[in-house]
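Undergrad: Following is a predicted model, sequence given first.
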Amino acid sequence: MILVIHAHPYPRSSRSTAALLGAVRDLPELEVRSLYDLYPDFDVDAGAERAALERSGLVVWLHPIYWYTVPALLKQWFEVVLAKGWAYGEGGTALQGKECLWAVTTGADEDAYTEQGKHAHDFSAFAPVVKQTARFCGMRWHEPFVLHGAHIVTEPQLAAAAARLRERLERWAAQRQAR
Amino acid sequence: MHEALIFLAAAVVCVPLASRLGLGSVLGYLIAGAVIGPWGLGLIHGIEQTQVLAELGVVLMLFVIGLELDPRRLLAMRREVFVGGTVQLAVCGAALAAFLLAFGLAWQAALVAGLALALSSTAIGVQALTERKELATETGRAAFGILLFQDIAAIPLIALVPLLAHAGSPNETPLWRKLAVAGLAIAAVVFVGRYLTRPALRLIARVNLRELFTAFALLLVLGVAELVSLAGLSMAMGAFLAGVLLADSEFRHALESDIEPFKGLLLGLFFISVGMTIDFGLLASRPGTIALLLMGFLAIKITALFAVSYALGIRVRGCRFFAFVLSQAGEFGFVVFGSARAAELLSPEWEGLLTITVALSMGATPLLLLFHGWLLGRRAQAAPPADTIDATGPVIIAGFGRFGQIVGRLLLANDVRAVVLDHDLDQIESLRKFGYRVFYGDATRLDLLQAAGADKARLLVNAIDDVNDSVALVDRVRESFPHLPILARARNVSHYFELKLRGVDVAERETFESALKVGRAALEALGMDRYRAREMADAFRRHNIASVDATLPFYQDEARRMSIAKAGREEMERQFARDRERFEREHGGGGWT
């Protein structure tokens, strides 16, 4: 079971994230939770979210990068859902052995994420916080899926990226079945 | 002209005097009538003419009540009306008939008179319920339902008189035909009320002449009353029906405010005319008999009503109020006794005796209700002090209706012990069962606030629904407990201003948040992202609160306030337009996310 935690404040105005989501949402054994639709008031229902996590084997955090990290509601989701005694700490083993894929889009092209670029760092420099969040809860971290230059990608490029994401999820599902 | 002067002068003198003495306005009118009537100063003679005009007061009152009553609520009252009404009429009628039998009346006469005395006065009962804001409570609803039933039951009762007197002449219409005609009249009223009045009102409203609208409103009510009375039904009931039919129309408030002054004046005239019928000559010649009749009547009727209300499931303290409100005999008595005498069922002497009993019992109602209030007050004072000290808590909630309850339950869920003050007895009884510490009483009273621990409380939640009471409570607290913070529920913007001007820090307009929620849901239903709808509602809230607060200093200056409010609306529109552009830029066609 794949759980897609989708965090986009304005899904109807979304292009790149919407394309990625659209490419995977019809996969079998896949559940999408669009946080901004579920909790526009940020009143995240920890119980419902935990139940969805418990059902899943792979958790996908799918969102645009805002200020080098996750959107505010996903951060809120981390704080409310990944609680001590459930996700970490004594008895906090609910996520042990599950896998995690970070799938994001950025508004700058790849050159911006270099030492000379306007963000002064390679994109991998911004991943550790999220990566460690997953690992701290005992999840296996996959190589992130990053679509750069979401503002300039052409339709064919976007479609190709979406197909790549779909392929990765399908491969995971096939491997899971083989095991 | 001459008589109008006398009526007005008598009312203007007697009613404020009676109110001042705590006797209530009804008693004031009754006294005014007794003073100017043929047995008092003898200033007015043609009582019959006055009575015809005065009955219109009752008709208009029932129309206004009908306007305020949602048809669905009326449907929900079926049990009160039919079960309660039948039981009340049977029990009271039988007991009173037996009582009159003991006075030596023939059984036919005793039956008719007993049933007539079992009917209560709609005018007095409803006036008392309205004055005490009891019309919406469980007890008030039951009482009103029974009054409504009596209005219907009076018709067969009047028809019963000639049957019992064996005086039914061959050309007398049979009962089934009367019922058929009555049914037709009701159908006609429903048809007129549902399908003809609204277009007519719209047409009249477009002419834009206020007095024409008023004239039409009066024409409507009096026309319906005339129609049903031709069919042998009670005029008051016809007017009530017409009111109910217009209750959900857009003209409800306009009709209400136009009819209201006529209703008040004519109802006053009604009470005056009752006062005038009191035959002091008879009272002076047969004081013993009349006293015995009145006392016996009141004792039997109150006991029977108490038992009936208890059987209907009203709580004990409500039962006494119920019994007192319905204790008097009604204006139908005059009609029934009159026709019973005409049919030679009653002697003229007995007609006089019964009529005076009815009039005096009407005068007794305000006194009984005063007694009821005194008993309640005594109970509140007699509360043991240990009980009240034990009940002080960090939070006081004044008013525990729909609003206060939500606040109280949220606090209780967080283990905050709140002391609750409310004046609805039925409400209190049921809340106590759930373990709330609820106290009966007028929260604006200083002793009650003190007993609830206002000097030690951390905060006061003012959730009273009546605007005047709410403001009075704030004044009282500011004066006596200046350090107690107040969190208040505001009924509307002007109430919000009144609270803010008195230094209340937290005042929340009661419908504002829920209306924003529905607005949000509407935007979502039209296809807006849920979070975007939330942002728009947030922006609207900020703007609205800021512009309302900006007009606060000019609260009294209507024109100034309107212009500021208008400027605020325009500014909000501009800002929303700017915000839309920004959003388009960031998230529209050119966006990247």
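TA: Here it is on my side, so go on.
Undergrad: Name the residues of chain A found near chain B, please.
TA: Contact residues (Cβ under 8 Å from any Cβ of the partner chain) of chain A with chain B: A:8-17, A:36-37, A:40-41, A:64, A:73, A:105, A:107, A:150-151. (Glycine included, C-beta is placed from N, CA and C.)
Undergrad: Pull out the buried residues from these.
TA: Neighbour counting by 16 or more other Cβ atoms under 10 Å in any protein chain shown classes A:8-11, A:13-17, A:36-37, A:40, A:64, A:73, A:105, A:107, A:150-151 among those as buried.
Undergrad: correct me, but residue B:348 touches residue B:338?
TA: No - counting by Cβ atoms under 8 Å, residue B:348 stays clear of residue B:338, with 10.7 Å between them.
Undergrad: Which one's more surrounded, those two?
TA: residue B:338 (15 against 8; other Cβ atoms under 10 Å in any protein chain shown).
Undergrad: got a list of what the closest residue to that one other than its chain neighbours touches?
TA: Leaving aside its chain neighbours, residue B:338 sits nearest to residue B:351 (7.1 Å; criterion: Cβ to Cβ, 6 or more residues apart in numbering or on different chains). Residues near residue B:351 by Cβ atoms under 8 Å, 6 or more residues apart in numbering or on different chains: B:337, B:338, B:340, B:341.
Undergrad: for chain A, what spans make up the helices?
TA: For chain A, the helices defined by DSSP state H cover A:16-24, A:35-38, A:46-55, A:72-81, A:128-136, A:155-178.
Undergrad: Output those helices in JSON lines; the columns should cover mean pLDDT.
TA: JSON lines is the format used below for those (pLDDT from 0 to 100):
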{"stretch": "helix A:16-24", "mean pLDDT": "96"}
{"stretch": "helix A:35-38", "mean pLDDT": "96"}
{"stretch": "helix A:46-55", "mean pLDDT": "96"}
{"stretch": "helix A:72-81", "mean pLDDT": "97"}
{"stretch": "helix A:128-136", "mean pLDDT": "97"}
{"stretch": "helix A:155-178", "mean pLDDT": "95"}
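Undergrad: Ok, which of these comes nearest residue B:8?
TA: Among those, the nearest to residue B:8 by Cβ to Cβ is helix A:35-38 (67.1 Å).
Undergrad: Who are the packing partners of that closest one?
TA: Counting contacts by 3 or more Cβ pairs under 8 Å, 6 or more residues apart in numbering or on different chains; DSSP states H and E, helix A:35-38 packs against helix A:72-81, helix B:530-551.
Undergrad: Residue B:259 contacts residue B:60, correct?
TA: Yes - contact criterion Cβ under 8 Å: residue B:259 and residue B:60 qualify, at 5.6 Å.
Undergrad: shared neighbours of the two, anything?
TA: Joint contacts of residue B:259 and residue B:60 (Cβ under 8 Å, 6+ apart) are residue B:221.
Undergrad: ok so, going back, most tightly packed of the helices of chain A?
TA: Across the helices of chain A, averaging neighbours per residue (mean count of other Cβ atoms under 10 Å in any protein chain shown) puts helix A:16-24 on top, at a mean of 21.
Undergrad: Tell me which residue lies nearest the centroid of chain A.
TA: residue A:61 (1.4 Å; Cα atoms, centre = their mean).
Undergrad: between the helices and strands packed on helix A:35-38, which one is nearest to residue B:473?
TA: Nearest of the helices and strands packed on helix A:35-38 (Cβ to Cβ): helix B:530-551, 22.0 Å.
Undergrad: List the buried residues of the closest one.
TA: B:530-537, B:543-544, B:547-548, B:551.
Undergrad: With distance to residue B:49 and pLDDT added, can I get those in TSV?
TA: TSV is the format used below for the buried residues of helix B:530-551 (distance: Cβ to Cβ, whole Å; pLDDT from 0 to 100):
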residue	distance to residue B:49	pLDDT
B:530	68	95
B:531	71	95
B:532	70	93
B:533	65	95
B:534	67	96
B:535	69	93
B:536	64	93
B:537	62	95
B:543	61	90
B:544	56	90
B:547	57	86
B:548	54	87
B:551	53	84
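Undergrad: quick one: residue A:132 from chain B, how far?
TA: 25 Å (Cβ to the nearest Cβ, to the nearest Å).
Undergrad: By proximity to chain B, which residue of chain A wins?
TA: residue A:151 (3.3 Å; Cβ to the nearest Cβ).
Undergrad: ranges for the strands of the stretch 351-500 of chain B?
TA: B:395-398, B:418-422, B:437-440, B:459-462, B:486-490 (DSSP state E, counting those that start in this stretch).
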